[in-house]
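In: Quick one, structure for this:
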Amino acid sequence: MASALSFKDFFSPTRTLLLLGVVLYVFLVPIFNIANPQLLMVKWASPAARTEPLISGAGESKIPTNLSHIAFGLLGSVKTWPHRRGYLEAWWRPNKTRGYVYLDQAPTPNLLPWPETAPPYRIVDNLSELFRDVKPRHALMPRMVHGILELFREEHDDMRWIVMGDDDSIFFVDNIVDVLGGLDHTKYYYLGWHSESVISNFWFSFDQAFGGGGIVLSYPLAKALAADMDGCLIRYAQSSSADLITMTCIADIGVNLTPHKGIHQVDLHGDFSGYLSAHPKVHLMTFHHFDAMDPIFPSMDRMQATRHLMKAADADQSRLLQQTICYQRPTNWSFSIAWGYSAQIYEKIHPRSYLQMPIETFRPWAKGPKPPFYMFNTRLPSSDPCEAPHMFFLESVYKSVAGDQIVTTYLRARPRDMPPCSSAGNHSADSISSIKVFSPAVKRIEIDRSECCDIVGVDDNKAEVKFRECKLGEIIA
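Out: I've put the predicted structure just below:
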């Protein structure tokens, strides 16, 4: 008869390890499977499935999107560069932003050496061989679309998004990072916005992004579009617009426009202040056609006005142009502040739904035969003292000594030259020459609701306003 196992034999090192493995399996596997049913599948996936990323940066997808993940392609020309370079230099961040301005030919000697404050340049590809048998309707249009491939070809490593624009496009890169950071760059995204003018959308398409305002493509879409670029340009060689070709080619991939109201083509003429003072409640991403508009600040030329706006952008892009409304009840005044740009005082209590409609200080890019002319509601300028605002524009921006607030000051643009609003008690605001606004020095990434504000002081010639988050259940009325 075999002798019984001794205590030492039963708990030999081999048996101990085996028993310990069984215990761990019985108790830990159900726990992990409840918390994450895919854990074991991930653990036992093949090495190729574990190590081969599906897209650029997939292995680092848990890293939040930052500026280094975004490549900018700006389409320009040698002819326009001398008077447009200032628009790009206003927002370009040397050694931080990545991308190029694509020129139609090599820069002439008077443009060299190339400024370090501007995007580096590239010469666009020669497409004559591609169109040897099929001639494009307009040779410029395929060249502009082909820029997407040229940018992707050079900047695809560790890139999540491509942003295309023109040499007179102004980009607000902090807001672009925040907006794109909220989207999944591994999906197919085509971001942009319509023209502001109805007729421009009618001429081209209501479903396309207008390229001067900016076309944003996620990596998978840019890769697919680049792979089909030659075929796409041949198929739609007779199209009259680069933006329309881009949209049509993207539609062939199975992707449609994701609209974003912070992307602005600016198909408008004249005084843009009415629109900027009532900007949609979204993060400002881009502007185009500043070269075709009046300067956005009084007594400045276009370049000076652009740089002045960027002072506020550098302080807090998340609030830039965000409209905040509050009331001074003793005088029946309504304050409407487009942060970093303008402030208005109305001598009557107006609802927010009224104040958020832009005053039509501008004209459409081209007029259709009859209204509507714009893709948004407007209100006409008024000579009624109860409806015409006192206008103030940004004068300065700085951070408070304590560092917890940003202080912006707005100076009166001109006398209103109207009597007081009699129906609201004849409380004239003519004496107010400046408005100082205090806002928290904290970025507002979530803007599903506007901020609220309080009038914290009014004396003979100035008013002070303090921004804050709206209280739960608070009504702005």
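
In: alpha carbons only for contacts and neighbour counts from here, please
Out: OK.

In: what's stretch 391-405 in contact with?
Out: 297, 311-312, 315, 340-345, 406-414, 416, 434-435, 438-442 (Cα atoms under 8 Å, 6 or more residues apart in numbering).

In: Just the buried residues of those.
Out: Under a neighbour-count criterion of 16 or more other Cα atoms under 10 Å, the subset of those counted as buried comprises 297, 311-312, 315, 340-345, 406-413, 434-435, 438-440.

In: one step back: out of the contacts of stretch 391-405, list just those in helices.
Out: The helices, defined by DSSP state H, take in K311, A312, A315 from the contacts of stretch 391-405.

In: Take those and lay them out in CSV including distance to D184 and pLDDT.
Out: Written out in CSV, the entries for the ones in helices among the contacts of stretch 391-405 read as follows (distance: Cα to Cα, whole Å; pLDDT from 0 to 100):
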residue, distance to D184, pLDDT
K311, 31, 98
A312, 29, 98
A315, 28, 97
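
In: those helices in the protein, which residues are they?
Out: Taking DSSP H as the test, the helices found in the chain are 7-10, 13-35, 39-43, 47-51, 81-91, 140-155, 173-181, 198-203, 219-227, 229-235, 242-253, 273-276, 302-315, 352-355.

In: So which of the buried ones among the contacts of stretch 391-405 are in strands?
Out: If you go by DSSP state E, these have 342-345, 406-412, 434-435, 438-440 in strands.

In: now, the most widely separated pair of the residues you listed?
Out: Maximum pairwise distance in these, criterion Cα to Cα, is 23.7 Å, between R412 and P440.

In: Just confirm S428 contacts K348, I think it does.
Out: No: in this structure, S428 is not within contact of K348 by Cα atoms under 8 Å, at 10.2 Å.

In: okay, these two: which has more neighbours?
Out: When neighbours are counted by other Cα atoms under 10 Å, K348 comes out ahead of the other of S428 and K348, with 27 against 19.

In: just to revisit the earlier point, for F210, which of the helices of the chain is the nearest?
Out: Closest approach to F210 among the helices of the chain is made by helix 242-253 (5.9 Å; Cα to Cα).

In: Now do that closest one: everything it contacts.
Out: Identification of contacts with helix 242-253 by Cα under 8 Å, 6+ apart yields 141-142, 144-145, 190, 204-205, 207-211, 221, 224-225, 232-233, 236, 239, 256-257.

In: List only buried entries from the residues you listed.
Out: Among those, those buried by neighbour count (16+ other Cα under 10 Å) are 141-142, 144-145, 190, 204-205, 207-211, 221, 225, 232-233, 236, 239, 256-257.

In: I'd like the helices of the chain laid out as a markdown table, including distance to P381.
Out: Compiled in a markdown table, these are given as follows (distance: least, Cα to Cα, whole Å):
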| stretch | distance to P381 |
| --- | --- |
| helix 7-10 | 95 |
| helix 13-35 | 61 |
| helix 39-43 | 63 |
| helix 47-51 | 62 |
| helix 81-91 | 30 |
| helix 140-155 | 39 |
| helix 173-181 | 31 |
| helix 198-203 | 21 |
| helix 219-227 | 44 |
| helix 229-235 | 45 |
| helix 242-253 | 33 |
| helix 273-276 | 9 |
| helix 302-315 | 23 |
| helix 352-355 | 12 |
